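1. no sequence on this one, just coordinates:
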């Protein structure tokens with residue numbers, strides 16, 4: 001059971017949903033876990049909305065983490081890196097740290113460089129929406145979703161136990177992965193799809209014919225959906241996972257080149273085989289995903 005003073009830094013979709021879930025757990029179970037919630041955010045409107053969720057709301061990072069036992073960094077990756085460096089100065093005696101960033105290699109390296117008093121683990125909840133901000137947050141966002149955890153040189157048994165308790169409260173399913181493996185995987189199943197969806201949207205919009213949107217249906221909508229993701233967040237992701245994203249883009253370009261050649265050649269037999277194998281891969285994915 002989570003018994004700790006928790007500070008959540010960043011009340012966007014992820015941080016906001018976590019705060020909502022923890023507060024709901026307190027009210028439903030009538031059990032003080034966590035014992036105290038502090039929220040740090042720089043948006044005045046968000047802070048005002050957060051007053052009902054937290055014991056303390058502040059725009060001052062130093063104030064927010066001063067007495068925290070567990071600091072949860074729910075900001076873009078490059079901001080997480082900056083805050084980790086700042087935290088090492090503000091809390092030289094150490095505390096426990098979890099982040100919710102979308103890429104893990106750089107963050108886990110920064111965590112490993114924290115002073116010895118810290119306990120830290122990298123985290124990435126595999127859920128989300130194409131809309132961002134606290135207004136999109138929901139208390140059930142994490143329920144039954146995979147939550148990747150990445151150990152590093154500052155990961156202790158204490159921080160693991162505390163975070164696993166937290167995930168049990170919000171209903172998430174933990175999965176431990178090395179940071180590099182995580183980054184390779186999300187490049188394929190999250191970051192590449194965003195680039196593909198964005199390219200699809202730009203291609204369609206380039207036709208400059210409003211009748212196109214009347215003609216479009218669920219296939220286009222579902223495929224293009226993630227192109228509506230917050231561009232600031234995606235810029236941060238693409239820059240901090242550049243190597244893995246480029247590798248997946250090269251693989252994708254090879255697939256596009258191959259199917260293009262089949263269509264140009266009018267090779268119906270091989271094109272049909274390509275389509276059948278693609279469908280098999282999709283249904284295999286659906287079966288494994290459940």
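-> Arrived safely, thanks for sending. Being a predicted model, the structure only gives us computed values, none of them experimental.

2. give me the low-pLDDT residue ranges for the stretch 1-150 of the chain?
-> For the stretch 1-150 of the chain, residues meeting the criterion pLDDT under 70 lie at 1-3, 28-34.

3. show me where it has helices.
-> Counting by DSSP state H, counting those that start in this stretch, residue ranges of the helices within the stretch 1-150 of the chain are 13-29, 44-50, 61-65, 77-90, 105-112.

4. Using neighbour counts, pick out the buried residues of the second one.
-> By that I understand helix 44-50. Of the residues in helix 44-50, 46-47, 49-50 count as buried by neighbour count, 16 or more other Cβ atoms under 10 Å. Every residue, glycine included, has its C-beta placed from N, CA and C.

5. Which pair of those spans the longest distance?
-> 47 and 49 (7.3 Å; Cβ to Cβ).

6. what residues do these two have in common as contacts?
-> Shared contacts of residue 47 and residue 49 (Cβ atoms under 8 Å, 6 or more residues apart in numbering): residue 11.

7. So which residues make contact with stretch 239-259?
-> 77-78, 102-103, 105-106, 183-184, 186-188, 191-192, 195-196, 238, 271, 274.

8. per-domain residue ranges of the chain.
-> 5-177, 181-289 (automatic domain parsing).

9. Check these for me and report the most buried one.
-> Highest mean neighbour count of those: domain 5-177, a mean of 19 (counted as mean count of other Cβ atoms under 10 Å).

10. need the strands for this structure, in chain order.
-> Assigned by DSSP state E, the strands in the chain fall at 5-9, 36-40, 56-58, 70-73, 96-99, 119-125, 146-150, 173-176.

11. Would you mind telling me which of those strands is nearest residue 209?
-> strand 119-125 (39.1 Å).

12. Tell me which other helices or strands that closest one touches.
-> strand 96-99, helix 105-112, strand 146-150, helix 157-170, helix 179-186 (3 or more Cβ pairs under 8 Å, 6 or more residues apart in numbering; DSSP states H and E).

13. Fine by me, we can end here.
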